[in-house]
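# here are the coordinates; sequence isn't available:
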């Protein structure tokens, strides 16, 4: 931005943040009487979180269903099955309980419970039809139990069509309300904490780099980066530290909001290509694997914005923008190593250099806005170089 550009600030969702706020659901009015809880994962069932939520809401509704077929990379088939069940039972409100996969699946179900066809009809990238939804999705309450996607703060659901090997972001609607309770994240294992938190950091950094960045998004992006940079290593090494969990959740929430106010970058499109082709690649892990090669190429062409980020983060050693950007990325490489993310290698997931050209084609196929919102427009040669450098690292 030049400093004189116009911009929008509009996030019509009620976000309630803090330790213990999940208990407030007991007194909250639900936006419907026929409720579906969308959840997944054995951990939150085993630790009693699902049962705890059921006890809070069951007397408030006439019907309560639990849909627990959420997958790690949320699938189109799961969304459509949940939507069919919701439609058949006249569900009029939904609670998404779990990580980003549960929240995104819940967003998809909320949309398709009241709209015709397939969710894929409403995505503008890949093989989607780019249609507009005729009906507003069902009201959705989000209760994240992980800290990474920040899905509670934006209107995008990232869904995978496993038959087409496509992973796309689909615009649905903002949540009705969200309860972000850091206490719910205390049981997340170290590796998942690292991968999820790294995703949140990338949201903030990419939004800061985007051509859509604005004064509000910059404030959120910088604060989110600072919180995650400082507290994520502690949350990984000492998961019981509630202060660390608090600030990682805070950074994650800001990261989700800032994606809407600004934008992700081509790095997210590249990762969607990777985990679309191989769902074993976690989103945060995929971002970590391409991080060094992607941002090195980006900073070579647009060092100024990286230098500004370095100054905001207090790690801007050097006199020129190029020197500051280089120091910034070197520091983030060391930070990533502290998180244990340097142990991830793309070649371990079956990718090879000979695939680079086909992978570039798939990047354009899943495409989407982030490919057009970087301050440097990556060429096909750039994208292939990033893939090959990542595979060789």
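That came through fine. Treat the numbers as computed from the prediction; the structure is a model and nothing was measured.

# what does the model give residue 303 for pLDDT?
Per-residue confidence for residue 303 comes out at a pLDDT of 97.

# Tally up the residues packed near it, please.
A count of nearby residues for residue 303, using other C-beta atoms under 10 Å, gives 19. No exception for glycine: its C-beta is placed from N, CA and C like everyone else's.

# do the same with residue 340
For residue 340, the count of nearby residues is 17 (other C-beta under 10 Å).

# For it, which non-adjacent residue is closest in space?
Counting by C-beta to C-beta, 6 or more residues apart in numbering, residue 194 is the residue found nearest to residue 340 once chain neighbours are left out, at 5.7 Å.

# Which strand or helix spans the one you found?
Using DSSP states H and E, residue 194 sits within helix 190-209.

# From the contact counts, what lies against the very next helix or strand once past that helix?
Per DSSP H and E, helix 190-209 leads on to helix 215-237 as the next helix or strand towards the C-terminus. Here helix 215-237 is seen to pack against helix 190-209, helix 242-261, helix 303-313, helix 321-338 when contacts are counted using 3 or more C-beta pairs under 8 Å, 6 or more residues apart in numbering; DSSP states H and E.

# who touches helix 215-237?
With contacts defined as C-beta atoms under 8 Å, 6 or more residues apart in numbering, helix 215-237 is touched by 1, 7, 9, 147, 190, 193-194, 197-198, 200-201, 203-205, 207-208, 213, 241, 243-245, 247-248, 250-252, 254-255, 257-258, 261-262, 309, 312-313, 335, 338-340.

# Out of these, which end up buried?
147, 193-194, 197-198, 200-201, 203-205, 207-208, 213, 244-245, 247-248, 250-252, 254-255, 257-258, 261-262, 309, 312-313, 335, 339-340 (16 or more other C-beta atoms under 10 Å).

# Quick check, central residue of this structure?
The structure's the chain has its C-alpha centroid closest to residue 149; by C-alpha atoms, centre = their mean the separation is 2.9 Å.

# ok, now how distant is it from residue 80?
As judged by C-beta to C-beta, to the nearest Å, residue 149 and residue 80 stand 21 Å apart.

# Equivalent analysis for residue 15, please.
Counting by C-beta to C-beta - residue 15 and residue 80 are separated by 28 Å.

# List the residues that contact the residue nearest to the centre of the chain.
Residues near residue 149 by C-beta under 8 Å, 6+ apart: 99-100, 103-104, 158, 196, 199-200, 252, 256, 283.

# what's the answer for residue 167, then?
Contacts for residue 167 (C-beta under 8 Å, 6+ apart) come out as 73, 158-161, 272-273, 275-276, 366.

# neighbours of residue 354, just the number please.
As a burial measure, the neighbour count of residue 354 was computed by other C-beta under 10 Å and equals 9.

# Beyond the helix or strand containing residue 169, next helix or strand please.
Counting by DSSP H and E, the secondary-structure element that holds residue 169 is strand 166-171. The C-terminal neighbour of strand 166-171 among helices and strands, as given by DSSP H and E, is strand 177-180.

# name the helices or strands packed onto that next one?
Applying 3+ C-beta pairs under 8 Å, 6+ apart, we find strand 177-180 packed against strand 14-17, strand 140-144.

# Report the strands that pair with the shortest one, each with its relative direction.
It refers to strand 14-17. Each strand that pairs with strand 14-17, with its direction, by DSSP bridges: strand 177-180 (parallel).

# Please compute how far the strand it pairs with lies from its chain's middle.
Taking the mean of its C-alpha atoms, strand 177-180 sits 16 Å from the chain's own mean (C-alpha atoms, centre = their mean, to the nearest Å).

# can you pull the buried residues of it?
Neighbour counts using 16+ other C-beta under 10 Å place 177-180 of strand 177-180 among the buried residues.

# What of stretch 85-103?
Counting neighbours by 16+ other C-beta under 10 Å, stretch 85-103 gives 85-86, 91-103 as buried.

# just curious, which of those residues is nearest to residue 26?
Comparing the buried residues of stretch 85-103 against residue 26 with C-beta to C-beta picks out residue 95 as the nearest, at 13.2 Å.

# now that closest one, which residues is it bridged with?
residue 37, residue 141.

# May I have the residues that are in contact with it?
Contact analysis of residue 95 by C-beta under 8 Å, 6+ apart lists 35-38, 53, 57, 106, 140-143.

# before we move on, the earlier item: for residue 119, state which of the contacts of residue 149 is nearest.
Set against residue 119, the nearest of the contacts of residue 149 by C-beta to C-beta is residue 104 (10.7 Å).

# Mind giving me the packing neighbours of the one helix or strand that closest one maps to?
Per DSSP H and E: residue 104 is located in helix 100-112. If contacts are counted by 3+ C-beta pairs under 8 Å, 6+ apart, helix 100-112 sits against strand 34-39, helix 76-88, strand 93-98, strand 140-144, strand 156-161.

# lowest-confidence stretch among those?
Confidence, taken as mean pLDDT, is least for strand 156-161 of the helices and strands packed on helix 100-112 (a mean of 92).

# by contact count, what packs against that one?
Under the contact criterion of 3+ C-beta pairs under 8 Å, 6+ apart, strand 156-161 touches helix 76-88, helix 100-112, strand 166-171, helix 266-277.
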